[in-house]
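have a look at this prediction, sequence included:
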Amino acid sequence: MIMNGSRKLLRSKIQPIFLKSQVSRLQPLAQAHYSWRSRDESREGKKGKTWTQAVGAGAIAGVALAAYTFRESELHAEAQEVLDLNIAGLRVEGLKEYTIEDVNKHDSPENRVWVTYKHGVYDITDFIPLHPGADKLLMAAGGSVEPFWAMYAVHLNNKVIHEMLEKYRIGNLKLSDVDSQKSEMKETTDPYGQDPLRHKAIIVNSGKPFNGETPLSIITDSFITPTDLFYVRNHLPVPEIDAKAYELEVAGLGVKSELNLSLDELKKFPKHKIVATIQCAGNRRAEMRATKNLKGLEWRGGAIGNAEWAGAKLSDVLVAAGVDENDPRIRHVHFEGLDTDPSNSPYGASIPIEKALDPRGDVLLAYEMNGEPLNRDHGYPVRVVVPGVAGARNVKWLGRIYVSDAESDSHWQQNDYKGFNPSTDWDTVDFTKSPAIQDMPVTSSICSPSPGTAVKGGQEVEVKGYAWSGGGRKIVRVDLTADGGKTWTQADSLEQDTARHPRHWGWTIWKGKVRVPEGSNTPEIWSKAVDSSYNVQPETFHNIWNLRGVLSNAYCRIKLNITT
């Protein structure tokens, strides 16, 4: 795709800086790589590339190594403790010594693919068939993985990756080349160095990229979640975008008039407002992990928020571009962000055309949140809000909309955010066999009292929490029990928006009371929500467990302590 000058500028602001020696050496490989970047571009009939320099070889090698635990930051969440990571890259006496020139010769599977990390030289050729993005791995001509780990910084704290890397160790890098690479590394910049400041109340689950959630102790204090306390789910560095130079491209199958809309031009479309909840598909993962270990960020229940969003309807913009809702060829609408990885692949997702073109689907190209312009963490200047759908499809920093006959081929659409049966593991998983998550299931969470609260037998306890269901379904009831389901009561207060099913996009803040049974030594309070289609939360996580910890919506259960 040929990008106009303003979008080149936008992308250039977030371009990582890699080792000079890698850039010059990888130009031919990078050129070949652009043909991979997006099937959309071949359909569009455009040529060209969005970056004028090749990315570092080590960056792509790092992608391969990260894939062993499923690509990026969310996969470090098995442990947050500080690890002793002096296991990779140390000089090992007795191993053969190589120069950087030796490493550079191994730039393809035919020649073997080598990379370096600190003092180590590694032959990762045999790992290529194990990686689903093998085409990217072809760019892994000998170079350092350290620039990549400056981008996905959590790899610096991932013991699994370090141990795996050492299995491919073949030698040491010559000391003079180690020093030379260290010198060049000083010229690299931290791609997260320009990220915005966050409120200190946010619970941080990963720093780079930033992922943080609202504390459950305060999340239900306001029906509208304050912007600065709204959870943040980032996959890549936050881009710096000049709103004056911003343009939103609209193109693809069935588009009769391609658009390049400035922010001011977008604001000329009729402005619509909705109250809508956005929830990460992995919210409440920590509760599922308590049943059986899994991969993913440790979301405790605060990866959800409710806001008033304002912007242009996607359906209005698509109609302005000449899209015909009766065109049988079009089936999906893609969203592409301006946040990119080292290979310049943007964050991307897609939704079915039925949702995108339906004016009552209320999909917004939002430029306001809670009455103010979007802030940087939440997609400034424009993001898509797809109400009722998994947070992963609500693409921030929106740069491109593309109409297509096929789903987005983005990693996050094809190889993440999908559900599997509880017996599927990392040896048997096939992401092509499962559809991408769209509408989210009904859920609830108990936010007060907190686990471990001291209570007495026979005491009446006030309980408070949130409930939500995707697909525009309204919460009609929240059931509560304190005796293991022998008897039930229900929340007597439901605070919610007035919108009707099937356009009820916001959450419900609920309150109720339960009585702690006499004689109980380990009482638990359970909640289960019921939506307007009479969908009910499943009873336990055991039967809905999945290896990525998504769709984690079983009964919420908190244990209390008995005091005399």
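The structure has been received and is ready for your questions.

spatially central residue in this protein, please.
Residue closest to the average C-alpha location in the chain (Cα atoms, centre = their mean): His235, at 4.9 Å.

how about that residue, nearest residue that isn't a chain neighbour?
Tyr347 (5.3 Å; Cβ to Cβ, 6 or more residues apart in numbering). In this view, the C-beta of every residue, glycine as well, is placed from N, C-alpha and C.

ok, that neighbour touching Arg233?
No. Between Tyr347 and Arg233 there is no contact under Cβ atoms under 8 Å: 10.6 Å.

neighbour count for the two, which is higher?
Neighbour totals were compared for Tyr347 and Arg233, and Arg233 leads with 25 against 22 (other Cβ atoms under 10 Å).

tell me which residues form a beta bridge with that one?
Beta-bridge pairing of Arg233 under DSSP bridges involves Asn211.

tell me the contacts of it?
Asn211, Cys280, Ala303, Gly391 (Cβ atoms under 8 Å, 6 or more residues apart in numbering).

who wins on neighbours among those?
Cys280 (28 neighbours).

distance of it relative to Thr99?
Cys280 is 46 Å from Thr99, where distance means Cβ to Cβ, to the nearest Å.

equivalent analysis for Thr540, please.
58 Å.

before we move on, back to that, just flag the most distant two among the contacts of Arg233.
Asn211 and Gly391 (11.4 Å; Cβ to Cβ).

from Ser345, how far off is the residue of the chain positioned farthest from its centre?
Largest separation from the mean C-alpha position in the chain: Thr564, at 45.7 Å (Cα atoms, centre = their mean). According to Cβ to Cβ, Thr564 and Ser345 sit 60 Å apart.

just say helix, strand or coil for His264.
You called it His, but residue 264 is Asp. Here Asp264 is recorded as helix under DSSP: H, G, I helix; E, B strand; the rest coil.

confidence score at it?
Turning to Asp264, the model gives it a pLDDT of 98.

again with Lys47
32.

ok, now which ones touch Ser315?
So Ser315 contacts Ala356, Leu357, Asp358, Pro359, Gly361, Val363 (Cβ under 8 Å, 6+ apart).

again, only using 6 Å
Leu357, Pro359 (Cβ atoms under 6 Å, 6 or more residues apart in numbering).

I'd assumed it was in a strand, is it?
No. Under three-state DSSP, Ser315 sits outside any strand and is assigned helix.

number the chain from 699, please
Fine by me, first position is 699 from now on; the one you just mentioned is Ser1013.

residue ranges with poor pLDDT in this structure?
Scanning the chain for pLDDT under 70 picks out the ranges 699-785, 829-839, 843, 845-855, 882-887.

helices of the stretch 749-898 of the chain, start to end?
With DSSP state H, counting those that start in this stretch as the criterion, the stretch 749-898 of the chain has helices at 755-765, 798-802, 832-835, 844-849, 857-864, 873-883.

and what of the stretch 1149-1262 of the chain?
Going by DSSP H, counting those that start in this stretch, the stretch 1149-1262 of the chain shows no helices.

now the strands: where do they sit in it?
1152-1153, 1158-1166, 1173-1179, 1187-1188, 1191-1194, 1206-1213, 1222-1229, 1254-1257, 1259-1260 (DSSP state E, counting those that start in this stretch).

tell me the strands beside the second one, with direction?
In other words, strand 1158-1166. Using DSSP bridges, strand 1158-1166 pairs in its sheet with strand 1141-1146 (antiparallel), strand 1206-1213 (antiparallel).

which of the ones you listed is buried the deepest?
Highest mean neighbour count among these (mean count of other Cβ atoms under 10 Å): strand 1141-1146, with a mean of 25.

got the angle for that strand vs strand 1222-1229?
With axes from the mean of the first three to the mean of the last three Cα atoms, to 10 degrees as the basis, strand 1141-1146 and strand 1222-1229 are set at 140 degrees to each other.

could I have the CA atoms of strand 1141-1146 written out in PDB?
Taking Å, rounded to 0.1, in the frame of the first residue of the first chain, the C-alpha atoms of strand 1141-1146 are listed here in PDB:
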ATOM      1  CA  THR A1141     -20.100 -12.500  33.000                       C
ATOM      2  CA  SER A1142     -20.100 -11.000  36.500                       C
ATOM      3  CA  SER A1143     -17.500 -10.200  39.200                       C
ATOM      4  CA  ILE A1144     -17.800  -9.600  42.900                       C
ATOM      5  CA  CYS A1145     -15.900  -6.500  43.800                       C
ATOM      6  CA  SER A1146     -16.900  -6.100  47.400                       C
END
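
that one to strand 1173-1179, inter-axis angle?
50 degrees.

okay, buried residues for stretch 807-818 please.
Within stretch 807-818, the residues scored as buried using 16 or more other Cβ atoms under 10 Å are Val811, Trp812, Val813, Thr814, Tyr815, Lys816, His817, Gly818.

does Val1017 belong to a helix, a strand or coil?
Here Val1017 is recorded as helix under three-state DSSP.

if you could redo that for Ala899, that was the one I meant.
With three-state DSSP as the criterion, Ala899 reads coil.

now it: phi and psi?
phi -70, psi -20 (degrees, to the nearest 10).

how near is it to Glu1052?
Distance of Ala899 to Glu1052, computed by Cβ to Cβ: 39 Å.

for Ile798, give me its contacts.
Applying Cβ under 6 Å, 6+ apart, the residues near Ile798 are Asp875.

what strand or helix carries Ile916?
Following DSSP states H and E, one finds Ile916 within helix 914-917.

need the contact list for Pro894.
Arg1074, Asp1075.

ok, now with 7 Å
The contact partners of Pro894, by Cβ atoms under 7 Å, 6 or more residues apart in numbering, come to Val936, Asn1073, Arg1074, Asp1075.

neighbours of the residue nearest to the first one when sequence neighbours are not counted, how many?
Taking Cβ to Cβ, 6+ apart, and ignoring the residues beside it in sequence, Val936 has Asp893 as its nearest neighbour in space, at 4.9 Å. Here the number of neighbours of Asp893 (other Cβ under 10 Å) works out to 19.

can you check the one 10 residues further on too?
Residues contacting Asn903 under the criterion other Cβ under 10 Å number 27.

so how far is Asp1075 from the residue lying closest to Ser1143 once chain neighbours are set aside?
Spatial nearest neighbour of Ser1143, excluding adjacent residues (Cβ to Cβ, 6+ apart): Gly999 at 4.4 Å. Note on Gly999: its distance to Asp1075, by Cβ to Cβ, is 20 Å.

just Gly994 next, same as before
Counting by Cβ to Cβ, the gap from Gly994 to Asp1075 is 20 Å.

repeat for Glu1052
Separation of Glu1052 from Asp1075 (Cβ to Cβ): 30 Å.

more crowded one of these two?
Taking other Cβ under 10 Å, Glu1052 and Asp1075 do not tie; Asp1075 has more neighbours (22 against 11).

how close does that one get to Gly1009?
The spacing between Asp1075 and Gly1009, counted by Cβ to Cβ, is 17 Å.

what do you get for Asp1060?
Counting by Cβ to Cβ, the gap from Asp1060 to Gly1009 is 11 Å.

now Ser920
Counting by Cβ to Cβ, the separation of Ser920 from Gly1009 is 22 Å.
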